[in-house]
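A.B. asks: structure for the following, please:
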Amino acid sequence: EIIHSLKTEKNIHLNLFLQSSRDLEIIILVKEPRDFYNFYNNFIEKYGSFVKRKNISIITKQYYFGHRYLHGENNSSVIGEKNSIINLDDSGRKMISFIIDNPRISIIELAKNLRLAPSSVVSRLKKLTAEKIIRGYEIVFDNSLIGYSTYRVELFLSDPSRKEEVITYLSRNKNVIRINEFIGEMDLDFEVDFKTAQNVDSFLEKMRVDIPYIIDFDVSSIIKY
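C.D. replies: Numbering: from 1, shown residues only. Model (predicted):
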């Protein structure tokens, strides 16, 4: 019921945890703190009786690597770098909304929906890309059908100032698809695709040896919504 209700929200992403002490991760994109508090208060009012334990963190930076173990390319994108705020006009907001709903939408269809000339749509898309509002387009596929599972690994470091070293280490591994930096209980988390739990164990055992200032990590298998 909770998942069904939250899936109707455009600014929310959900991860269901398996083999973990937690059940659900709710990632909400907000413009101002009060937007989060409004969501949080409404959620607790409706579902608080089902919540045994909760933890709130702020994602400060995200690194996207894609599924390099499939295509071998090393393209990455970073969200959360310090940039000046860009004010979008109504057409820009609508364009992004259409692209989010259907990243494969054609220029002709975009132009028709926005009531703009195709050349104007192309020009605006180039501008959004140059301003790094649009960083790329991600294909979402069911990796279980090709024998892979996604695991979330949360890292706790004895020296958080060395996070950049950990990020560099992880970015070299083709099975790592995403890294998040946090303000919260943990220092970093990352998502990694492997075929077996034994592959994950081997990777983490080597990582603990290579990075001795890891205090602990928590591993969960996740399903994305």
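A.B. asks: output the below-cut-off pLDDT ranges for this structure.
C.D. replies: 81-84 (pLDDT under 70).
A.B. asks: ok, longest strand in it?
C.D. replies: Longest among the strand segments of the chain by residue count, using DSSP state E, is strand 214-224.
A.B. asks: given that strand, what are its sheet partners and their directions?
C.D. replies: Here strand 214-224 is paired, per DSSP bridges, with strand 12-18 (antiparallel), strand 149-157 (antiparallel).
A.B. asks: can you give me the strands in this protein?
C.D. replies: Going by DSSP E, the chain shows strands at 12-18, 24-28, 58-64, 77-79, 149-157, 176-183, 188-194, 214-224.
A.B. asks: just put the ones you listed in TSV and tack on distance to E165 and mean neighbour count.
C.D. replies: Glycine gets a C-beta too; all of them are placed from N, C-alpha and C. Shown next, in TSV, are the strands of the chain (distance: least, CB to CB, whole Å; neighbours: other CB atoms under 10 Å):
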stretch	distance to E165	mean neighbour count
strand 12-18	26	15
strand 24-28	26	15
strand 58-64	14	14
strand 77-79	17	13
strand 149-157	10	19
strand 176-183	13	19
strand 188-194	11	21
strand 214-224	11	15
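A.B. asks: R135 is nearest to which of those?
C.D. replies: Each of these has some distance to R135 by CB to CB; the shortest is strand 77-79, at 4.3 Å.
A.B. asks: that closest one packs against which elements?
C.D. replies: Helices and strands touching strand 77-79, by 3 or more CB pairs under 8 Å, 6 or more residues apart in numbering; DSSP states H and E, are strand 58-64.
A.B. asks: CA atoms only: put the strand it packs on into CSV for me.
C.D. replies: Coordinates of each C-alpha in strand 58-64 appear next as CSV, following Å, rounded to 0.1, in the frame of the first residue of the first chain:
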residue,chain,number,x,y,z
ILE,A,58,20.8,14.3,2.9
ILE,A,59,22.5,13.2,-0.4
THR,A,60,25.1,15.8,-1.2
LYS,A,61,26.6,14.4,-4.4
GLN,A,62,25.8,11.5,-6.7
TYR,A,63,28.2,9.7,-9.2
TYR,A,64,26.5,7.8,-12.1
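A.B. asks: outside of it, which residues touch it?
C.D. replies: Strand 58-64 has contacts (CB atoms under 8 Å, 6 or more residues apart in numbering) with 27, 76-81, 135-136, 138, 167, 171, 177-184.
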